[in-house]
Structure formats: C-alpha cells, structure tokens
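# structure for the following, please:
(chains A and B)
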Amino acid sequence: MDTRSAIIGVGYTALTANSNLSVLELATSAVRTAMADAGLTARDIDGIGSYSLGDSVRTQAVATALGCESVDYLLDLNLGGQAPCYMVLNADAAIRAGMARTVVLFRALNGRSGIRIGRERLPGLEPHTATYRQAVGLDAFPSVVAMWARRFMIDTGATEEDLAAVVMAQRWYASNNERAIIHEELGIDDYFRSPMIASPFRVADCTREVDGAIAIVITENARAADAPHPPAYLVGGAYTGGVRSGQDMGDILLWDDYAKNCMHFLRHRLWSKTGLTPDDIDVAEIYDCFSSAVLFALEGLGFVERGESGAFIRAGETRPTGRLPVNTNGGLLCEGYVHGMNALAEATLQLRGGNGVRQVHDARTALVTSGTLMDGSAVVLTRG
Amino acid sequence: MTSIDGTISMNECTSCGRRWQPPLPGCPMCGQPHVRPVSSATRGCIYSWVTVAKNLGNPKFPESHDVIAVDLDTGGRIFARYEGALGVRPGGRVWSPSAVPRDDGDYVFIDLSE
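Now for the predicted structure:
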C-alpha cells in the first residue's frame, strides 16, 4: 500500500502521580528518549509539535532545551484528546511540503499534581458557555461524557455489562504492561463494586490523571528505512472539526446526537483516504478517556454494526486472539491520561513487535484514534 | 438566566427561528448574524442525564444529584438539575415552575405531572 511519513522513535517518561519535575523537564526527557530510540540527535530534528490546554510548554522552549540548531517547523495546537492523530497528519503534511524532514511530537503535562484537565475555560467567550454546565454541577469531564454514554445506551441498548467488558479486556493487557499505572486484572464482580462516580461511569470506567510525557519522532518516508527499529509508516488518516462545537470542553449543548461522536463522522473519509476497510486492521489503539469511547469507536468506524460493540467485546474479540485486539497497553484507562499520545506510541510498538504476551501476532496494520466527543482524528499505520 | 416567572433566556435566529442557549454572534445552524434574546417556557423532555456523585465536581453540590439535558418544547437544549419524584427517564416530561427560580443558570426541573 502507499505510505507517507513514518514514525521511527518513541519515548516515555515515567507516568506518575507526582513527577516533581517541571513540564519542560518532562517534555525534554521524553523527546530525548524518542530521539535516541530513532537513532537521532537534536541536530537531526528540524520540527517540533505539541498540543495542550494551557497546561504545557511551548515547543520553542523544548527546542531550546534540546539545543536544536535549526528548527524550521513549530506547531503548538490548542487542542486536547482529539489532537494526537491530527498532529501526525500535520507533521506529515509539513514534511511532504518540504517544511521539515524530521519532526518530534510530544504531549507533556503534570496532569495529576499540576493543572487538572476539565476545569479550564476556553478564552474569548463572555458569558462563557461553561457557565451553563458548571452552574448545575457538570464540572468534571466524567459527568459531561456520561451524558453521551447514557444516550448511547438508550439508543443502542448497550449495558453496564458492556462497559464492564471494555474495562476487563483492557485490564488484562495492562497486567502485562510495565508502564501501566493500574496492573490488576478485574472481574465482573470487582467492576460492579467500583464506586459509581458519574452514572453510568464507575471509577473503573475512567482514565487516571498522571504526570508524564510521551513523544514520537516522525520522518520522511525515504529516511525511515535507516532507523534502528522497524518504522510505522503512515497510510493516511482524517480529522473532523465537529459541527457547532468549540465553545467549551465537552461542548454538547449544540450537539444534536449524543449517541454518535466524531468517529461516526470520520468513518467514510478515514477509509476512503487510506483505501482500507475495517477488515484490514490488525490492532486498534482507541482513545479511551472513558470506557464508553471504545463502544462509540467500534460502531462509529464500522468495525461492528450499531448496537453490537458490547457483544463483540464480551465475546473476547478485542483480546489478543480476537478479531480485533484493542488497546493493547491497557489504554488510557490503565496507562494514564497522557491525552492520547499513549495510543500512537503503543501502535508503533505493536507494529515493531516484541511486546511479550500482549503482542498481537503478526500485527501489520494498526488503527489509532484521538478524541471521543465532537471533534477527533484517526490514522492508520503499517509496518510496510 | 432564569427570571422570576420561570422562563429561561435563550437566543433565537431571526432568519431560521431556531433557538439555542450559549450566546453567539450568529446562528450556529444557518450562519445568519441576526440574533435576538427570547424567553422560553421551561417545559421539555429529558434527552439524557447523569447522576453526579457527591465527591465529584462542584462543592456547591455536596450530595449526589441528577443533571439532565432537556430539549425544550420551544426549541433548544439546556442543562438542569432534576429534583422530580418519578426519577430520570428518557423522554420524561419536565418543567421548572416559578417556585424554584434561579438567576445563575442553576435551573431545577421537576416532573411535569407534579
């Protein structure tokens, strides 16, 4: 298949509850690790991109900390979980336009000990849209996304057992991932003992905020073959901006149908741009700030029919030997909320192979998604 | 946002007539720039809901409580707290009587049959 740029490096910091480091230190550390993984130094990097919601550092500062001598492409996106795959598409566009040859993308935050996601107000609005949710107690992300999950359950017949199945499947992967911050497997009784936090979400349905950073290195196709590890080549992808959104996080007062998120609206462009179908995907790393996001994505992208995602997961189809292994690092639910960069990194590692018992056998093509509300993005990667 | 007579301030497009709540300098449905404030009756149907646990979110709400998304009969969707006796359910008919007005967006709705 035709491919474009390629991911050749991955870098993580420790993912913890309190890093005792500045966000700049975290970002720089993850980027250095990713560069080393790619066999590169700062001299080889001529582009840096990142995204944040007022809780991170500028790419320019990281370039300075790295001692980059020539940076020709910088991108600071004011976006959240919808951004990681969109960043890859932007970096690829920049590379193919000749603006840069090798770009490092990172997300860094002290998401647990510093600024916590969900309570910010987007600038430039008065009176602020957030007023309308905060006034009735919709302050935190779980309660906003729960509105979507509830309507999805009403319209599709999904149940709490389906949410449990998502969590239990991912807990198995997490129990075999040394980076996961939650390692314990979970049984159905354990799931229903987990405290309800914003119905239908229990604590077990929610990602955990963490301090940390993840970076990836993306370079031009021709250069990727020289990398120390097998590259993850970009086949293509798509982004959707989400109609009538952008005034607030979880901006749902103007979103008509809470049972369909961005993945539904990405579907046709994603498959037409990649020339692939859901049957071509060997492994999927799906953005999962909450368990319901996996159900939305499986149905929205056409892996299963409407209302069938729960049965698909309960039948074990997202486990290692299933038809579509999903979130092989345990997902954001278990690895921690680095705002979706986890998924890109894990997909790259899966395509390289050698991830122990959680390695998907002969994984050649991986889907990665970003976002679970109005706007989002997705890419397909292949090991070539 | 809610006046003493139990109405809710909304925005209405003078071109297409559709209503919404967050203020915008144009209609998000048809893009026309002419918008006027209107008072909407509070009757509507429950579209979705969440029971927010007592330990999550705003300290103003120390106990767990139901928050509903309400599709108003006169158009537009709002968030409100639900304090009805029948319990939240999809399509449930609700309203906010003048007995419980709020002026800060903290709307309280009960079952329409009460």
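# who are the contact partners of residue 72?
Went with chain A since none was named. Taking Cβ atoms under 8 Å, 6 or more residues apart in numbering or on different chains, we find A:D72 in contact with A:46-47, A:99-100. Bear in mind the C-beta positions are built from the backbone N, C-alpha and C, glycine included.
# ah, I was thinking of chain B
Taking Cβ under 8 Å, 6+ apart, we find B:L72 in contact with B:8, B:10, B:19, B:40-44, B:78.
# what do you get for A:R32?
With contact set as Cβ under 8 Å, 6+ apart, A:R32 has these partners: A:11, A:66.
# which of the three states applies to it?
Classification of A:R32 using DSSP: H, G, I helix; E, B strand; the rest coil returns helix.
# need the residue closest to the centroid of chain B.
B:I78 (3.2 Å; Cα atoms, centre = their mean).
# quick check: that residue touching A:L253?
Yes. Using Cβ atoms under 8 Å, B:I78 is in contact with A:L253, at 7.1 Å.
# ok, what's across the strand from A:E209?
A:Y337 (DSSP bridges).
# that one: neighbour count?
Applying other Cβ atoms under 10 Å in any protein chain shown, we find 21 residues neighbouring A:E209.
# over to A:R223?
17.
# for the residue lying closest to A:I188 once chain neighbours are set aside, give me its contacts.
Using Cβ to Cβ, 6 or more residues apart in numbering or on different chains and skipping the chain neighbours, the partner closest in space to A:I188 is A:A164 (5.7 Å). By Cβ under 8 Å, 6+ apart, A:A164 lies in contact with A:188, A:191-192, A:204.
# going by distance to A:E220, which of those wins?
Using Cβ to Cβ, A:A204 comes nearest to A:E220 of the contacts of A:A164, at 42.3 Å.
# residues contacting the closest residue to the closest one other than its chain neighbours?
Closest residue to A:A204 apart from its sequence neighbours, by Cβ to Cβ, 6+ apart: A:S194 at 3.9 Å. With contact taken as Cβ under 8 Å, 6+ apart, A:S194 is in contact with A:202-205.
# which element is residue 105 on?
All of this is about chain A. Assigned by DSSP states H and E, A:L105 falls within strand A:102-110.
# nope, chain B please
Assigned by DSSP H and E, B:G105 falls within no helix or strand.
# and the closest residue to A:N176 other than its chain neighbours, what pLDDT?
Leaving aside its chain neighbours, A:N176 sits nearest to A:R358 (4.4 Å; criterion: Cβ to Cβ, 6+ apart). At A:R358, the model reports a pLDDT of 96.
# one more: the one 10 residues further on?
Looking at A:V368, its pLDDT reads 98.
# any idea how far chain B is from it?
Distance, A:V368 to chain B, using Cβ to the nearest Cβ, to the nearest Å: 28 Å.
# thinking again about what came up before, report all helices and strands that the helix or strand following the strand holding A:L105 contacts.
The helix or strand immediately downstream of strand A:102-110 is helix A:130-134, counting by DSSP H and E. Packed against helix A:130-134 by the contact rule (3 or more Cβ pairs under 8 Å, 6 or more residues apart in numbering or on different chains; DSSP states H and E) you find strand B:77-82.
# looking just at contacts, which helices and strands does the strand it packs on meet?
Here strand B:77-82 touches helix A:130-134, strand B:44-52, strand B:65-72, strand B:108-111, going by 3+ Cβ pairs under 8 Å, 6+ apart.
# thinking again about what came up before, so which of the contacts of A:D72 is the closest to chain B?
A:M99 (32.9 Å; Cβ to the nearest Cβ).
# state the distance from the closest one to A:V338.
Remark: distance between A:M99 and A:V338 (Cβ to Cβ, to the nearest Å) = 26 Å.
# show me which of these two is the more surrounded one.
Legend: neighbour count by other Cβ under 10 Å for A:M99 and A:V338, higher for A:V338 (29 against 15).
# surely the more buried one meets A:F106?
No. The criterion here is Cβ under 8 Å, and A:V338 misses it with A:F106 at 9.6 Å.
# who touches both of those two?
By Cβ under 8 Å, 6+ apart, the residues touching both A:V338 and A:F106 are A:213-214.
# up against chain B, what does the stretch 251-384 of chain A have?
A:252-254, A:258 (Cβ under 8 Å from any Cβ of the partner chain).
# which single one of the residues you listed is nearest to A:A366?
Set against A:A366, the nearest of these by Cβ to Cβ is A:Y258 (28.5 Å).
# my guess is the closest one contacts B:W49, does it?
No. Here A:Y258 lies out of contact with B:W49, judged by Cβ under 8 Å, at a distance of 10.7 Å.
# joint contacts of those two?
With Cβ under 8 Å, 6+ apart, A:Y258 and B:W49 have common neighbours A:147, A:150, B:69.
# just the buried subset of these, please.
Applying 16 or more other Cβ atoms under 10 Å in any protein chain shown to the shared contacts of A:Y258 and B:W49, the neighbour count classes A:147, A:150, B:69 as buried.
# neighbour count winner among A:Y258 and B:W49?
Taking other Cβ under 10 Å, A:Y258 and B:W49 do not tie; B:W49 has more neighbours (25 against 21).
# for that one, report the pLDDT, please.
Predicted confidence (pLDDT) for B:W49: 97.
# so it touches B:V88, yeah?
Yes. At 4.4 Å, B:W49 counts as touching B:V88 under the criterion of Cβ under 8 Å.
# overlap in contacts of the two?
B:66, B:68, B:82.
# residues contacting the last one?
Contact criterion Cβ under 8 Å, 6+ apart gives B:46, B:49, B:65-68, B:88, B:94, B:108-110 as the residues in contact with B:Y82.
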